[in-house]
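In: can you look at this prediction? I've put the sequence above it.
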Amino acid sequence: MRSRIKEYLDADPALADRYVKIRTYARGIIISGYDLTKRCNLRCEGCFFFEGELSTRYEEEKTNQEYDEFFRAELARGVNYPHFAGAEPALVPDRLHIANRYWKRGLIYTNGTIKIDPQITFMIHVSLWGNPATDAVLRGAPVFRKAVANYAGDPRAVVMMTINRRNVDEIADVARVCENAGLRLSFNHYSPSRQYQHKVLEGGEETDTFRLSTREDNLILRAQDLARVRDLIEEQIVLRPQTVIYSRYYNDWINAAGTRFIIDAASGMATDCPILNMPRHRQHHVDFSYSDDECCIANIDCSGCRHYVSGYTKIMAELDNHTGSFESFAGWVDVFDTWCRLHYPAWDDLTVLEMEEAAAGDARGAGWAGATNIR
């Protein structure tokens, strides 16, 4: 396999540069996730966090001192690229500041309605759910313009448009707004929780996060929707290369019909999800507890999961499956390089030498051991 990789790299110097860059800097990453709060100022339709007990039943009562001790222990455990979520982590800025004492690099998932302190050095993925009208309907409040204004021009920020059946035709609208605001844009596919899936199929009582969906009209993407999503994203990749951060290889893979994982019939869990299989990954609740049976998305239905975190990670973890042809290997490199663009500020502007110096000089590191299988 190594000889084949060398052959591919010798044939394409630009591909070789990308490969050496990610191999030098992005291997050895150890990620764990942290729900920092159960509070949120929105109630989005089909929200996985508020749909099931795997996220909301835990008590939120830890002090700042306990967070300090906890994050110190997590750093000592080897975690060097933390992911912060919640409900809404921007509601607990003290906890983000405490985390930033221990890690320079990391990622915050936010709805964008509260501007995170510019002194926080973590990357920020800001969710939008369509154009302003659709975003307001699906999220229960008119917050689109506020999120764009909060993060316009922020080098830490990438907008993640959550694509669902109701907003497919708004991909170009969101891309145009992001380009005009100086915001980078990528895409996430709405992935239903087990609870949302059940309510759609069987009917469910109306709640704050299940007020619009029916069996006939819901957020779950169908095969015909996925084909159109692929084409519309491809169009924006071509039209707005400075704005859209997305892999063409990933675009084809994630929008293919059928489940993206191998599902165990008895448990309903994905057997080939690398996040579930990473020995050092943990998804911590607000009381610091965790379960080895949970990935990065609480209550998720693995059979319908197209979430970008699990999707990118699956491809990145399967280098051995992508060395059979030059095209497949180049696709793997493209996916990994795109992941880096989503997770490191100014990735495109940094040379391999600068990356090596930064990694050597930062005791808090970068890295993803056991996840990427880089040679």
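Out: Alright, I've got the coordinates. Numbering: from 1, shown residues only.
In: CA atoms for contacts and neighbours, from now on please.
Out: Will do.
In: let me see the confidence value for residue 259.
Out: Looking at residue 259, its pLDDT is 94.
In: how many neighbours does residue 276 have?
Out: Neighbourhood size, residue 276 [other CA atoms under 10 Å]: 20.
In: show me what contacts it?
Out: Listed by CA atoms under 8 Å, 6 or more residues apart in numbering, the contact set of residue 276 reads 292, 293, 294, 295.
In: let's go with 7 Å and repeat that
Out: Applying CA atoms under 7 Å, 6 or more residues apart in numbering to residue 276 gives the contacts 293, 294, 295.
In: what about the closest residue to the last one other than its chain neighbours, distance to residue 282?
Out: On the basis of CA to CA, 6 or more residues apart in numbering, the spatially nearest residue to residue 295 that is not a chain neighbour turns out to be residue 276, at 5.2 Å. When CA to CA, to the nearest Å is the yardstick, residue 276 and residue 282 sit 9 Å from each other.
In: burial of the closest residue to residue 147 other than its chain neighbours, as a residue count?
Out: Spatial nearest neighbour of residue 147, chain neighbours left out: residue 112 (4.4 Å); criterion: CA to CA, 6+ apart. Around residue 112 sit 25 other residues, with neighbours defined as other CA under 10 Å.
In: again with residue 279
Out: Counted by other CA under 10 Å, the residues lying close to residue 279 total 13.
In: kindly provide the distance from it to residue 79.
Out: Note on residue 279: its distance to residue 79, by CA to CA, is 12 Å.
In: now do the shared contacts for the two.
Out: By CA under 7 Å, 6+ apart, no residue touches both residue 279 and residue 79.
In: separation between residue 73 and residue 66?
Out: 11 Å.
In: er, residue 157 actually
Out: 29 Å.
In: check residue 231 too.
Out: 48 Å.
In: now the strands for the stretch 151-300 of the chain?
Out: For the stretch 151-300 of the chain, strands defined by DSSP state E, counting those that start in this stretch occupy the ranges 157-163, 184-189, 283-284.
In: for the helix or strand just after the shortest one, buried residues please.
Out: It stands for strand 283-284. The first helix or strand that comes after strand 283-284 along the chain, using DSSP states H and E, is helix 308-316. Within helix 308-316, the residues scored as buried using 16 or more other CA atoms under 10 Å are 308, 310, 311, 312, 313, 314, 315, 316.
In: which residues touch the residue nearest to residue 147?
Out: 126, 127, 147, 150.
In: quick one: the first one and residue 161 touch, right?
Out: No - with contact defined as CA atoms under 7 Å, residue 126 and residue 161 do not form a contacting pair (8.2 Å).
In: just to revisit the earlier point, which one of the strands of the stretch 151-300 of the chain lies closest to residue 6?
Out: Shortest distance between residue 6 and those, using CA to CA, is found for strand 184-189: 31.0 Å.
In: check the offset of the closest one from the chain's centre.
Out: Put simply, strand 184-189 sits 9 Å off its chain's centre (CA atoms, centre = their mean, to the nearest Å).
In: just the angle between it and helix 308-316, please?
Out: 90 degrees (axes from the mean of the first three to the mean of the last three CA atoms, to 10 degrees).
In: give me the contact list for strand 184-189.
Out: With CA under 7 Å, 6+ apart, strand 184-189 has contacts from 158-164, 175, 178, 243-246, 306-308.
In: could you do stretch 213-230 as well?
Out: Identification of contacts with stretch 213-230 by CA under 7 Å, 6+ apart yields 164-166, 168, 190, 192, 200-201, 251-252, 255-257.
In: now these as a markdown table including neighbour count?
Out: Shown next, in a markdown table, are the contacts of stretch 213-230 (neighbours: other CA atoms under 10 Å):
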| residue | neighbour count |
| --- | --- |
| 164 | 22 |
| 165 | 18 |
| 166 | 17 |
| 168 | 20 |
| 190 | 23 |
| 192 | 26 |
| 200 | 19 |
| 201 | 11 |
| 251 | 18 |
| 252 | 15 |
| 255 | 23 |
| 256 | 15 |
| 257 | 14 |
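In: now, among those, which is nearest to residue 210?
Out: residue 200 (9.2 Å).
In: can you give me the distance of the residue nearest to residue 147 to residue 154?
Out: Counting by CA to CA, the gap from residue 112 to residue 154 is 12 Å.
In: that older thread, top of the contacts of residue 276 by neighbour count?
Out: residue 295 (26 neighbours).
In: quick one: contacts for that one?
Out: With CA under 7 Å, 6+ apart, residue 295 has these contacts: 275, 276, 283.
In: surely the last one and residue 289 touch.
Out: No - the pair residue 283 and residue 289 fails to qualify as a contact (CA under 7 Å) at a distance of 8.3 Å.
In: the two - which one has more neighbours?
Out: A count of neighbours by other CA under 10 Å puts residue 283 above the other of residue 283 and residue 289, at 24 against 11.
In: leaving aside the residues next to it on the chain, what's closest to the more buried one?
Out: residue 33 (4.6 Å).
In: state the number of residues packed around that neighbour.
Out: Count around residue 33 with other CA under 10 Å applied: 23.
In: now it: phi and psi?
Out: When read as degrees, to the nearest 10, the backbone of residue 33 gives phi -110, psi 150.
In: from residue 248, how far out is it?
Out: Residue 33 is 27 Å from residue 248, by CA to CA.
In: repeat for residue 16
Out: Distance, residue 16 to residue 248, by CA to CA: 18 Å.
In: with residue 320 instead?
Out: Using CA to CA, residue 320 is found at 20 Å from residue 248.
In: those two: who's more crowded?
Out: Ranked by neighbour count (other CA under 10 Å), residue 320 and residue 248 place residue 248 first, with 16 against 13.
In: many thanks, have a good one.
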